[in-house]
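>>> Quick one, fold the following:
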Amino acid sequence: MDKLVEKINRLIVRIAKGDTYALDELFVITGRMLLFMARKYLYNKSYAEDLVSETYLKVVKSADSFDKKQNGLNWLYKIVKNGALNHNLKERTFTEPIPENVADRDYPSEWLDTILVENAVSTLTDEEKDLIYLRFWEGYGIQEIADKLGKPLSTTHDMLKRTCKKLKQHLK
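Numbers count the residues shown, from 1 in each chain. The predicted model follows:
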C-alpha cells in the first residue's frame, strides 16, 4: 500500500478514537482532492463544498466501522461520489447551464468536455436520465434496468439506444 494511503488509514483510525487533530490533518491532506472530485460531479462550487463538509462528518460518524486494511482514500472518494450522485438524482440536476461564450472561459479542457456532456444530459427527459444513470453510473445491465423500470427488455433496449443517439446528436 502506498504511503499516502497508509497515512490516511492511520488518520481514520485516530478519528475513530476521537482524535480531532487527526480530522484536521486528514482535511489538509485530502480536502483539495475531494473538492476536485466533487466539482467533477456537481459543477456548483457551493454544492461541492457542502458535499466535502458532509463527507468529513460521515467519516467522523463511521470511522469506527472503517477496516484499516482497505484503501482509505478510495473510501473517501466513494463517499464523495455517492453523495454527488445522490444529490444529482434527488435534484434531477446534472450541471449548471453552460455560460455564454463558454469557449472564452478559462476552464481546464477536461472540465469543458464534461460540462458539454452534462449540458447534453440536461436536455433529456427524466425517464431518459434515469436510463443513463442506471446504465452508465450504476453499471446495471439492460435486463436489470428493464426489471427496475417494469418495462420489457426490448423496449428498454430501444429506449436506451434512442437516448444515446439523442445525446450523440446534441454533442455534434
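
>>> next structured bit after the longest helix anywhere in the chain?
The helix that spans the most residues within the chain, counting by DSSP state H, is helix 20-42. Remark: after helix 20-42, the chain's next helix or strand is helix 45-62, criterion DSSP states H and E.

>>> C-terminal to the helix or strand of the chain with the lowest mean pLDDT, what's the next element?
Within the chain, no helix or strand scores below helix 109-122, which has a mean of 65 by mean pLDDT, DSSP states H and E. Next helix or strand after helix 109-122 toward the C-terminus (DSSP H and E): helix 126-132.

>>> ok, now which ones touch the spatially most central residue of the chain?
The residue lying closest to the centre of the chain (C-alpha atoms, centre = their mean) is K81, at 3.3 Å. Contact analysis of K81 by C-beta atoms under 8 Å, 6 or more residues apart in numbering lists 37, 41. Using the backbone N, CA and C atoms, a C-beta is placed for each residue, glycine as well.

>>> and the strand or helix carrying it, which residues are buried?
Counting by DSSP H and E, the element that carries K81 is helix 72-91. Judged by neighbour count (16 or more other C-beta atoms under 10 Å), helix 72-91 contains these buried residues: 72-73, 75-77, 79-81, 83-84, 87-88.

>>> same deal with stretch 13-33?
In terms of neighbour count (16+ other C-beta under 10 Å), stretch 13-33 has its buried residues at 13-16, 22-23, 25-27, 30.

>>> What of stretch 139-153?
In stretch 139-153, residues buried by neighbour count (16+ other C-beta under 10 Å) are 140, 142, 145-146, 151.

>>> Which residues does it contact?
130-131, 134-135, 155-157, 159-160.

>>> which among the residues you listed end up buried?
130-131, 134-135, 156, 159-160.

>>> All set, thanks.
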